[in-house]
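Trainee: fold the following, please.
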Amino acid sequence: MGKPPEQVDELLKLVRDEDISTLRALERRLLSLLEQKERDEALSRHGGTDRDELSKPCPNVPIDPDLLALVGIHPANPVEDDKTLIREFIARRLTD
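Mentor: You can find the predicted model right below:
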């Protein structure tokens with residue numbers, strides 16, 4: 001369902017001569033779009049089951065759907081790596 005390589009090359013030609021700050025801004029926007037699409041896909045796969053499972057033992061704890069959508073989309077990491085990943089995600093959300 002992806003674009004053929006020729007179309008991707010055409011998209012790259014549009015930004016090839018841009019300065020670094022413009023490319024960084026584009027990178028941030030693309031990463032944000034990618035994360036949103038991954039969250040949407042994860043939510044459609046999981047439905048409400050993860051939220052339901054987490055709500056049973058902790059009924060009074062609100063669960064942010066964006067963070068819940070991150071569950072299972074990244075490889076298993078040590079806890080410190082997960083904390084770093086979550087901090088970076090929050091920082092990106094605050095700067096966009």
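
Trainee: around Leu26, how many other residues sit close by?
Mentor: The burial metric for Leu26, expressed as a neighbour count using other CB atoms under 10 Å, is 13. To be clear about C-beta, it is placed using only N, CA and C from the backbone, and glycine gets the same treatment.

Trainee: how far away is the closest residue to it other than its chain neighbours from Pro5?
Mentor: In this structure, Leu26 finds its nearest non-sequential neighbour in Val15, 6.2 Å apart by CB to CB, 6 or more residues apart in numbering. With distances defined as CB to CB, to the nearest Å, the gap from Val15 to Pro5 amounts to 16 Å.

Trainee: so the residue most central in space within the chain is in which element?
Mentor: In the chain, the C-alpha closest to the average C-alpha coordinate belongs to Glu35, at a distance of 2.0 Å (CA atoms, centre = their mean). In this assignment (DSSP states H and E), Glu35 forms part of helix 20-46.

Trainee: so Arg92 makes contact with Leu31?
Mentor: Yes: Arg92 is within contact range of Leu31, at 7.3 Å (criterion: CB atoms under 8 Å).

Trainee: mind listing the shared neighbours of these two?
Mentor: Contact criterion CB atoms under 8 Å, 6 or more residues apart in numbering; no residue bridges Arg92 and Leu31 by contacting each.

Trainee: least trustworthy helix or strand in this protein by mean pLDDT?
Mentor: Between all helices and strands in the chain, the lowest mean by mean pLDDT, DSSP states H and E belongs to helix 49-55, at a mean of 63.

Trainee: which residues of the chain score low on pLDDT?
Mentor: Counting by pLDDT under 70, the chain contains low-confidence ranges at 1, 43, 45-55, 57-58, 63, 68-77.

Trainee: let's see it at 50
Mentor: For the chain, no stretch is flagged by pLDDT under 50.
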